[in-house]
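A.B. asks: Take a look and give me a structure for this.
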Amino acid sequence: MDTDTLKRLAAEAALDYIKPGMVVGVGTGSTSNHFIDALGKAKIAVDGYVPSSLGTAARLQALGLRVLELNDTGDIPIYVDGADEIDPHFRLIKGGGGALTREKIVASAAHRFLVIADQSKDRQQLGKFPLAVEVIPFAQSFVARQLVKLGGNPTLRQHFTTDNGNVILDVIGLDLTDPLAMESKINSIPGVLDNGIFALRRADIVLLGSPDGVLRRSNASQ
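C.D. replies: Numbers count the residues shown, from 1 in each chain. This is a model prediction of the structure:
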């Protein structure tokens with residue numbers, strides 16, 4: 001099976017966790033797009049969907065699905081999103097699509113965080129995929145210098161502006177043996193809005209599309 005098929009399998013399996021009357025958070029990216037398409041076909045009678053990006057909101061609305069603002073919903077039952085990397089402790093790297101800050105906010109407001117991905121995203125340790133750091137444009141150069149001091153090699157993502165009006169620095173070379181500590185260190189740099197390490201808010205459930213079907217993992221500690 002190709003990667004896109006595996007993503008679709010995981011996305012469709014996530015429908016099992018969506019119940020009538022829920023408010024559902026929806027992520028951003030190629031796997032989340034498969035989930036949105038599956039929602040459009042399933043027509044589950046939920047109260048509405050909280051999108052993690054303007055692009056996700058537009059895709060939901062194009063399918064006639066009700067979009068809600070997180071400011072109006074309060075905490076929500078579940079958030080479904082993809083990931084660029086997933087480790088055995090349910091910690092993630094996200095941000096390939098540039099929506100990491102809003103994704104982390106919606107994930108943190110959700111009682112359950114369900115991650116859908118193809119099996120290639122499964123990693124023993126995080127750090128191969130470049131780490132996205134959302135930065136206020138005024139602080140771009142300053143933040144880049146601080147990231148170098150942490151051992152990273154940052155590169156400005158070209159021709160990209162986040163939904164929050166900021167820029168993304170993609171960083172390679174960081175030591176992520178302690179993802180929670182690095183998440184905190186980066187977020188303490190003035191000018192950083194957030195970064196793509198999801199260690200403080202880990203996944204609760206992971207669905208991985210594989211040639212043998214969908215592999216389901218549950219984080220019993222959360």
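A.B. asks: C-alpha from now on. contacts and neighbour counts both.
C.D. replies: Will do.
A.B. asks: hey, which helix is longest across this protein?
C.D. replies: Assignment by DSSP state H gives helix 30-42 as the longest helix of the chain.
A.B. asks: any idea which helix or strand comes after it?
C.D. replies: Using DSSP states H and E, the helix or strand that follows helix 30-42 in sequence is strand 48-51.
A.B. asks: pull the CA atoms of that following strand into PDB?
C.D. replies: The C-alpha coordinates for strand 48-51 follow below in PDB (Å, rounded to 0.1, in the frame of the first residue of the first chain):
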ATOM      1  CA  GLY A  48     -19.600  21.100  15.400                       C
ATOM      2  CA  TYR A  49     -15.900  21.200  14.600                       C
ATOM      3  CA  VAL A  50     -13.100  23.300  16.000                       C
ATOM      4  CA  PRO A  51     -10.400  23.800  13.300                       C
END
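A.B. asks: Now that strand: average pLDDT?
C.D. replies: Average pLDDT, strand 48-51: 98.
A.B. asks: what's the helix or strand just after that strand packed up against?
C.D. replies: Scanning forward in sequence from strand 48-51 by DSSP H and E, the next helix or strand is helix 54-62. Here helix 54-62 touches helix 30-42, going by 3 or more C-alpha pairs under 8 Å, 6 or more residues apart in numbering; DSSP states H and E.
A.B. asks: If you count neighbours, what's buried in the helix it packs on?
C.D. replies: For helix 30-42, the neighbour count (16 or more other C-alpha atoms under 10 Å) marks Ser30, Thr31, Ser32, Asn33, His34, Phe35, Ile36, Asp37, Ala38, Leu39, Gly40 as buried.
A.B. asks: go on, stretch 9-22?
C.D. replies: Leu9, Ala10, Ala11, Glu12, Ala13, Ala14, Ile18, Met22.
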